[in-house]
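Undergrad: Kindly return the folded structure for what I paste below:
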Amino acid sequence: MADTINTEKENGQGNEQENERQDSKKILWRARKRLWCGLPFTFTVYSMSRDRLFIKRGVLSIQEDEVRLYRIRDISLRRTFLQRLFGLGTLNVCSTDSNLRDFKIINIPRSKEVKEQLSEMVEAERQRKRVSARELMGSHEEMNEEDFDDFDNQA
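TA: Sure, this is the predicted structure:
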């Protein structure tokens, strides 16, 4: 009887993990980079799932990048005069990802709404992963030797 209870618990955990995988694959937002006049004649597509942000570029040779949402440190919005006329904006994203450190999501429609949605999802993912701001700070490689206290040389 104890074996069946353990099996049911394992199946329950397996189903939860499978549901979590399915949720992380579901695309919640997708937009194509636009030209300055708002026309979608570019080959860059931005998309976001519950835990990742994707950037896909190219036609014949395709480059796909992704960053985990909990790695995003800062998001800012910039809207030039022309972008405001055509309802576009550019998001500047700073992350701790090794490949995509700082990047831009360029000329997207409804940029203010996207910024708010992205910001909320980043916070939710940090809480879900239990990541604190301290863990998002730079690595030791980025720090100078002056940043560390030298206790060995003190009295």
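Undergrad: Past the helix or strand of the chain with the lowest mean pLDDT, which element shows up next along the chain?
TA: Ranked by mean pLDDT, DSSP states H and E, the helix or strand of the chain with the weakest confidence is helix 2-25, at a mean of 52. Following helix 2-25 in sequence order, the next helix or strand is strand 29-32 (DSSP states H and E).
Undergrad: what's the helix or strand following that following strand in contact with?
TA: Per DSSP H and E, strand 29-32 leads on to strand 44-48 as the next helix or strand towards the C-terminus. Outside strand 44-48, the residues that touch it by CB atoms under 8 Å, 6 or more residues apart in numbering are 27-33, 53-57, 69, 105-106, 108, 117-118, 121. Glycine gets a C-beta too; all of them are placed from N, C-alpha and C.
Undergrad: Could you do stretch 67-87 as well?
TA: Residues beyond stretch 67-87 that count as contacts (CB under 8 Å, 6+ apart) turn out to be 34, 36-38, 48, 50-53, 88-97, 99-100, 103, 107, 109-112, 115, 118-119, 121-122, 125-126, 128-129, 131, 136.
Undergrad: CA atoms only for that stretch, dumped as CSV, please.
TA: What follows is stretch 67-87 as a C-alpha-only set of coordinates in CSV (Å, rounded to 0.1, in the frame of the first residue of the first chain):
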residue,chain,number,x,y,z
VAL,A,67,17.7,35.1,-21.8
ARG,A,68,16.1,33.8,-18.6
LEU,A,69,13.8,36.4,-17.1
TYR,A,70,15.3,36.2,-13.6
ARG,A,71,18.6,37.3,-15.1
ILE,A,72,17.2,40.7,-16.3
ARG,A,73,18.4,43.5,-14.0
ASP,A,74,16.9,46.6,-15.5
ILE,A,75,14.4,47.6,-18.2
SER,A,76,14.1,51.1,-19.6
LEU,A,77,11.9,52.6,-22.4
ARG,A,78,13.0,55.1,-25.0
ARG,A,79,10.6,56.7,-27.5
THR,A,80,11.9,59.2,-30.0
PHE,A,81,9.6,61.7,-31.6
LEU,A,82,9.1,59.5,-34.7
GLN,A,83,8.5,56.4,-32.6
ARG,A,84,5.8,58.2,-30.7
LEU,A,85,4.2,59.4,-34.0
PHE,A,86,4.0,55.8,-35.1
GLY,A,87,3.2,54.2,-31.7
